[in-house]
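> need a 3D model of the following:
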Amino acid sequence: MRQPQHLYQEALRCLGEGEQLRALGLFERALAEGLQEPQRTLCSSYVGLLRALQRGQLRHGLQLCQEALGRLPHQGVLYLNLAKLKLRAGDRAGAIQAAREGMRHEPLEELQAFLQALGSRKPPVFPSLPRSHPLNKYVGLLLSRLGLR
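Numbering: from 1, shown residues only. Okay, here's the model as predicted:
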């Protein structure tokens, strides 16, 4: 029988190689066999992420990620896991907010890549008009193409 720390490391390796289901099983075993802090909290966040992605347990996954973040609020990877789940839940603004908050605590390349992949919208040219107004839409496109925005 492997020690919980070894299970945790193996789970991280599997996750990095895209073997999410196998990683989930290893993370769950590591938790069950008494993984110690701070890896226990990190592991809990990964379990939440993977349960949501692999088993569709989105609400439970969000809860686990948020609880983990409450215990280790300066770990960027916890913000990344939460941001991924918020995006999966359809909360794009919440995902961006979580990723930006993570960048303030621990600027990880993964968080930066996540934010870049989401993209961000520039403010409307005419803030007093709705974003969908033709003036905002077409003047914004024109300024972008001219490189002025």
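
> got the contact list for the nearest residue to residue 8 once chain neighbours are set aside?
Nearest residue to residue 8 in three dimensions, chain neighbours excluded: residue 30, at 4.5 Å (Cβ to Cβ, 6 or more residues apart in numbering). C-beta coordinates here come from the backbone N, C-alpha and C atoms, glycine included. Contact analysis of residue 30 by Cβ atoms under 8 Å, 6 or more residues apart in numbering lists 4-5, 7-8, 11, 39, 43.

> next: residue 21.
Contacts of residue 21 (Cβ under 8 Å, 6+ apart): 50, 54.

> next, it: secondary structure please.
Classification of residue 21 using DSSP: H, G, I helix; E, B strand; the rest coil returns helix.

> circling back: give me the buried subset of the contacts of residue 30.
4, 7-8, 11, 39, 43 (16 or more other Cβ atoms under 10 Å).

> and of the residues you listed, the nearest to residue 107?
residue 39 (21.7 Å; Cβ to Cβ).

> which residues touch the residue lying closest to residue 63 once chain neighbours are set aside?
Nearest residue to residue 63, sequence neighbours excluded (Cβ to Cβ, 6+ apart): residue 48, at 7.0 Å. Residue 48 sits next to 60-65, 68, 81, 85 when contact means Cβ under 8 Å, 6+ apart.

> before we move on, which element is residue 48 in?
Using DSSP states H and E, residue 48 maps to helix 39-55.

> model confidence over that helix, on average?
For helix 39-55, the mean pLDDT works out to 96.
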